[in-house]
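Trainee: Sequence and predicted model, in that order:
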Amino acid sequence: MYAKTKNGSTDWPLSSFSSDIWRNSLKTEPNIQVWEYLWYAATTIFLLVVGVCLLFLRMLGWILRRLKKPGISWAMAGAVSLLVGILAISAISYLYFNSKDLGGQVIEVQVTTGDTFGAVADRLVKEGVVSNRWSLILPARLLKVDRKLRSGIYVFTGQNSARSVLDKLNQGDVKLTEVTIPEGMPIWKVAATLQTRLLLDSAALMQLNLDRPFLDSLEIPYLEGHLFPETYAFDPGVSLRSVVREMVQMFKQKTDSLWATQTATGLNKYQTLTLASIIEAETPLASERTRVASVYLNRLRIGMTLDADPTVIYGLGGLDRPLLRDDLDSVTIYNTYRIAGLPPTPINSPGLASVLAAMNPDGSDYLFFVADGTGGHIFSRTNEEHNMARRRARLNQPR
């Protein structure tokens, strides 16, 4: 508090002692430690819980005393039922929202077609994802999750509550199945792979290869060669037609922009794809692909048969033994020892490198090649050179 001068200014304290005490009191901050706050909070919560428990026990005792008296009223029975119901709902709510920590552990739970929700709940409890089956079953019935259970493998890790588990089941958040189609795989091996990984009928894929309306809808003449080699991630319940569509779509996505870059080989798009499949089967070496392409194109240009062993093997439905000389006389439409020109379809799913090699062969004048026994090939221009190369190759064969 200050006194005023004549001109109204405030320049001296009315009581310097009382003013200092007031100012100091404003500057002083309460010196309370963090642990004191925590102690205060813990004590308050403890007393509150004790008070609620005592109140509950008192109410329960009163209700029990009333029940012992004759002439119990329906109102009293209703009150008891209500109290029990509230307690049950409170317990289920706690279990519904309470999380269980799996840490870094990954648990896979499979749901198969025909499983009841109760069986799935039991499985989740057994695997340790949740601790109580009723925390799943009752909310699932209310939310109707139990009516649209989707089959597949569900993956759980980290924090999981009954609520988050139900969300995963409700969304059908199943683990996708990876399917790898390697370069050079013929269609019957693709079919076997799909049967193993996705439980799809392998015979049905072979039938689709002859299904003209289906092929027309994909705008391709046949499936062989168009099932692009790639690693795919499919829904476990996916249909065969959807799988095939995705593979063909991948083929188009990878190759559509390349056809404009093809050199003048004299082959159309599908003939080029067939040549690519032969290249894929003939050599695993990237450095040889364009040379192998040139050999076959040179032979086509002068009317020589291709004499490609992989086409004979394909025509025989695949072999689990070495190709024999008698096999070269087999009568199939894929035997390029007997029939001039390219076979009627590709003989496998060629990779992109082989497709590019077929589009852009090197300018060699080779007409022959033979495996050199070390993974590569010896290329020759004449039959005499080729016979000499074959003899050298035999020397390299392991004895």
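Mentor: Everything's here; your move. Numbers count the residues shown, from 1 in each chain.
Trainee: Now do the strand or helix carrying residue 166, average pLDDT.
Mentor: Per DSSP states H and E, residue 166 falls inside helix 162-171. When pLDDT is averaged over helix 162-171, the result is 91.
Trainee: what residues does it touch?
Mentor: Applying C-beta atoms under 8 Å, 6 or more residues apart in numbering, the contact partners of helix 162-171 are 95-99, 111, 120, 124, 129-130, 132, 135-136, 139-140, 143, 145, 148-150, 154, 156. For glycine as for every other residue, the C-beta is placed from the backbone atoms N, C-alpha and C.
Trainee: Need the buried ones from those selected in ChimeraX.
Mentor: Selecting the buried subset of these in ChimeraX, with 16 or more other C-beta atoms under 10 Å as the burial test, is done by:
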select :95,96,111,120,124,129,130,132,135,136,139,140,145,149,150,154,156
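Trainee: Go through the helix holding residue 166 and flag the buried ones.
Mentor: Neighbour-count burial for helix 162-171 [16+ other C-beta under 10 Å]: 162-166, 168-170.
Trainee: Give the single residue among the residues you listed positioned nearest to residue 385.
Mentor: Closest approach between these and residue 385, by C-beta to C-beta: residue 168, at 66.4 Å.
Trainee: Please tell me how far that closest one sits from residue 143.
Mentor: According to C-beta to C-beta, to the nearest Å, residue 168 stands 13 Å off from residue 143.
Trainee: The lengthiest helix in the chain - contacts with which helices or strands?
Mentor: Ranked by residue count under DSSP state H, the longest helix found in the chain is helix 34-68. Contact here means 3 or more C-beta pairs under 8 Å, 6 or more residues apart in numbering; DSSP states H and E; on that basis helix 34-68 packs against helix 74-97.
Trainee: and the helix or strand following the helix it packs on, what other elements does it pack with?
Mentor: Following helix 74-97 in sequence order, the next helix or strand is strand 99-101 (DSSP H and E). Other helices and strands packing on strand 99-101, by 3+ C-beta pairs under 8 Å, 6+ apart, are strand 159-161.
Trainee: Tell me where the stretch 151-300 of the chain has strands.
Mentor: 152-156, 159-161, 177-180, 231-234 (DSSP state E, counting those that start in this stretch).
Trainee: which parts of the last one are buried?
Mentor: What it means is strand 231-234. 232, 234.
Trainee: Just the CA trace of it, in CSV.
Mentor: The C-alpha trace of strand 231-234 is given here as CSV (Å, rounded to 0.1, in the frame of the first residue of the first chain):
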residue,chain,number,x,y,z
THR,A,231,5.8,-64.1,-55.0
TYR,A,232,2.2,-63.3,-54.3
ALA,A,233,0.2,-62.8,-51.1
PHE,A,234,-3.3,-64.3,-51.3
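Trainee: which stretches of the chain have low pLDDT?
Mentor: 1-33, 37, 40, 66-77, 398-399 (pLDDT under 70).
Trainee: State the distance from the residue nearest the centre of it to residue 200.
Mentor: For the chain, residue 176 is the residue whose C-alpha lies nearest the centre (C-alpha atoms, centre = their mean; 3.6 Å). With the distance defined as C-beta to C-beta, residue 176 ends up 15 Å from residue 200.
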